[in-house]
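Chemist: Pasting the sequence and the predicted coordinates here, then a few questions.
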Amino acid sequence: MHSDSSNAANAANTVLFEGISKRFGAEDKSFTALDAIDFAVARGSITGIIGRSGAGKSTLIRLVNGLERPTSGKVIVDGVNVSDLDEAGLRALRRSVGMIFQHFNLLSSRTAFGNVALPLEIAGYDKEAIRGRVEPLLDLVGLSDKRDRYPAELSGGQKQRVGIARALATQPKLLLSDEATSALDPETTQSILELLKRINAEFGLTVLLITHEMEVVKAITSDVAVIDEGIIVERGHTFDVFTRPQHPTTRALLAGLPGSKLPAALAFTLRPQKTAGGRVAVRITFFGRTAEQPLISRLIQTLGSDINIIAGTVDEIGGEPYGSLIIAYAADDATIANADKFFEANGLVAEVLGYVS
Ligand SMILES: Nc1ncnc2c1ncn2[C@@H]1O[C@H](COP(=O)(O)OP(=O)(O)OP(=O)(O)O)[C@@H](O)[C@H]1O
């Protein structure tokens with residue numbers, strides 16, 4: 001029997017991790033790969049789990065389709081406790097949960113068509129039904145003209161498209177992605193992420209992806225959890241986690257993003273203390289609607305023309321505009337007070353980076 005609250009949680013979430021821990025090895029020298037994980041993957045979301053190598057990401061995702069069993073706790077997929085399933089139940093679960101992999105895991109002896117058809121053959125579909133399902137899928141992933149090609153004749157991006165079509169063949173409600181773009185170049189990564197985004201929007205498919213690449217999380221997820229040594233250290237809407245990271249691990253992962261580093265010339269001259277007649281260097285972060293306003297010209301109007309713009313980026317996180325601007329201006333009390341008033345009035349987050357002469 002489910003309580004009303006667990007029914008509501010199952011309606012809202014495709015996956016629930018409840019008090020999950022996973023230990024490997026014998027009792028006396030066991031290793032804790034996951035510890036006290038409570039996490040929900042909202043239905044229809046694209047949710048990312050990010051962490052460094054060895055953080056526990058693969059173990060966590062493998063619990064979802066029953067490839068690993070938790071040492072304690074429950075993983076609930078679409079209202080079903082995965083640990084309660086017998087072999088037949090696990091087979092049914094794996095039909096309703098598609099998965100894509102870093103190295104694609106295609107059968108080299110089968111064509112693109114044959115690879116996509118495989119899960120349908122295993123599920124016992126007849127030839128006609130298989131063709132009726134596989135051809136539109138190859139079309140969806142843009143590979144109709146490659147239907148008779150073998151994996152060795154396809155590029156990495158094309159192989160991953162076959163992998164995506166195969167994962168969708170049994171019409172799953174959930175797609176698991178295990179570092180699916182890690183072996184691809186940035187441009188191909190972008191096109192695969194666009195495809196995942198389109199599939200999520202068109203079919204309402206929930207996507208749970210694990211990655212060590214912040215770029216991937218930034219490009220397509222709505223929600224994210226940061227995992228470190230088997231513990232979720234930070235979670236939330238991607239936009240909030242990226243713009244106001246709280247945990248040092250999140251900050252360290254974000255520091256690898258292009259545009260997050262200080263320009264070399266500034267980093268070299270920046271001092272922690274104010275110098276006589278020196279200038280203060282400030283990073284202004286602006287979100288949502290403020291990112292679209294003509295901030296720079298208003299800033300110049302407020303602070304006068306004695307302001308240097310050192311660096312700037314405008315970007316999008318989870319579809320929301322976001323920008324950052326590094327400026328320097330006179331570090332006297334009147335100018336600083338004037339600037340602070342401007343930042344506050346315009347809802348800008350300003351962080352003093354240091355002082356330059
Ligand atoms: N079958 C196993 N037996 C023993 N230890 C394991 C097993 N599987 C994983 N581990 C350990 O659990 C920890 C988490 O591994 P996991 O593969 O989940 O990390 P990850 O975040 O996916 O890392 P990567 O990105 O390198 O794959 C690692 O320290 C790993 O060595």
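Modeler: Received it, and whenever you're ready, just let me know what you need.
Chemist: right, and the secondary structure at Val352 would be what?
Modeler: With DSSP: H, G, I helix; E, B strand; the rest coil as the basis, Val352 sits in strand.
Chemist: That one and Ala281 touch, don't they?
Modeler: Yes - counting by C-beta atoms under 8 Å, Val352 does reach Ala281; the two are 7.4 Å apart. Heads up, the C-betas are built off the backbone N, CA and C, glycines and all.
Chemist: quick one: which of these two has more around it?
Modeler: Using other C-beta atoms under 10 Å as the criterion, Val352 and Ala281 rank with Ala281 on top: 23 against 12.
Chemist: Pairing partners for that one in the sheet, please.
Modeler: Ala328, Gly354 (DSSP bridges).
Chemist: The longest helix along the chain packs against which elements?
Modeler: Ranked by residue count and defined by DSSP state H, the top helix of the chain is helix 186-203. Judged by 3 or more C-beta pairs under 8 Å, 6 or more residues apart in numbering; DSSP states H and E, the packing partners of helix 186-203 are strand 46-50, helix 156-168, strand 174-178, strand 206-211, helix 214-220.
Chemist: repeat that for 6 Å
Modeler: Identification of packing neighbours for helix 186-203 by 3 or more C-beta pairs under 6 Å, 6 or more residues apart in numbering; DSSP states H and E yields helix 214-220.
Chemist: gap between whichever helix or strand comes after the helix it packs on and the chain center?
Modeler: Toward the C-terminal end, the helix or strand that comes next after helix 214-220 (DSSP states H and E) is strand 223-228. Centroid separation between strand 223-228 and its chain, computed with C-alpha atoms, centre = their mean, to the nearest Å, is 9 Å.
Chemist: which residues sit against whichever helix or strand comes after strand 223-228?
Modeler: Next helix or strand after strand 223-228 toward the C-terminus (DSSP H and E): strand 231-237. For strand 231-237, the surrounding residues in contact (C-beta atoms under 6 Å, 6 or more residues apart in numbering) are Asp35, Ile37, Asp223, Ala225, Val226, Gln246, His247, Thr249, Thr250.
Chemist: what's the burial count for Phe104?
Modeler: For Phe104, using other C-beta under 10 Å, the count is 20.
Chemist: Can you tell me the closest non-neighbouring residue to Thr302?
Modeler: The shortest distance from Thr302 to any non-neighbouring residue, by C-beta to C-beta, 6 or more residues apart in numbering, is to Phe342 (4.7 Å).
Chemist: Now do the buried residues in the helix or strand where that neighbour lies.
Modeler: Using DSSP H and E, the element containing Phe342 is helix 333-345. By 16 or more other C-beta atoms under 10 Å, the buried positions in helix 333-345 come out as Thr335, Ala339, Phe342, Phe343.
Chemist: related to what we said a few turns ago, only alpha carbons, please: show the longest helix of the chain as CSV.
Modeler: Provided in CSV are the C-alpha atoms of helix 186-203 (Å, rounded to 0.1, in the frame of the first residue of the first chain):
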residue,chain,number,x,y,z
PRO,A,186,32.5,19.9,-28.9
GLU,A,187,30.5,20.5,-32.1
THR,A,188,29.2,16.9,-32.2
THR,A,189,28.5,17.1,-28.4
GLN,A,190,26.4,20.2,-29.1
SER,A,191,24.4,18.4,-31.8
ILE,A,192,23.8,15.3,-29.6
LEU,A,193,22.7,17.6,-26.7
GLU,A,194,20.3,19.4,-29.1
LEU,A,195,18.8,16.0,-30.1
LEU,A,196,18.3,15.0,-26.5
LYS,A,197,16.7,18.3,-25.7
ARG,A,198,14.3,17.9,-28.7
ILE,A,199,13.4,14.3,-27.6
ASN,A,200,12.7,15.5,-24.1
ALA,A,201,10.5,18.3,-25.3
GLU,A,202,8.6,16.2,-28.0
PHE,A,203,8.0,13.0,-26.1
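Chemist: In space, what's closest to Pro119 - neighbours in sequence excluded?
Modeler: That would be Ala169: by C-beta to C-beta, 6+ apart, it lies 4.8 Å from Pro119.
Chemist: thought the one you found was touching Ala117?
Modeler: No - between Ala169 and Ala117 there is no contact under C-beta atoms under 6 Å: 7.4 Å.
Chemist: hmm, back to that, let me see the residues that make contact with the helix holding Phe342.
Modeler: Thr302, Leu303, Tyr329, Ala350.
Chemist: Stretch 42-56 now?
Modeler: Residues from elsewhere that reach stretch 42-56, judged by C-beta under 6 Å, 6+ apart: 13-14, 33-34, 41, 57, 200, 204, 206-211, 217, 220-228, 230.
Chemist: What are the buried residues along that stretch?
Modeler: By 16+ other C-beta under 10 Å, the buried positions in stretch 42-56 come out as Arg43, Gly44, Ser45, Ile46, Thr47, Gly48, Ile49, Ile50, Gly51, Ala55, Gly56.
Chemist: can I get those in a markdown table with distance to the ligand and pLDDT?
Modeler: Shown next, in a markdown table, are the buried residues of stretch 42-56 (distance: C-beta to the nearest ligand atom, whole Å; pLDDT from 0 to 100):
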| residue | distance to the ligand | pLDDT |
| --- | --- | --- |
| Arg43 | 24 | 96 |
| Gly44 | 25 | 96 |
| Ser45 | 21 | 96 |
| Ile46 | 19 | 97 |
| Thr47 | 16 | 97 |
| Gly48 | 13 | 97 |
| Ile49 | 9 | 97 |
| Ile50 | 9 | 96 |
| Gly51 | 5 | 94 |
| Ala55 | 4 | 93 |
| Gly56 | 4 | 95 |
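Chemist: Out of those residues, flag the one nearest to Gly19.
Modeler: Within those, distances to Gly19 taken as C-beta to C-beta reach their minimum at Gly56, with 15.0 Å.
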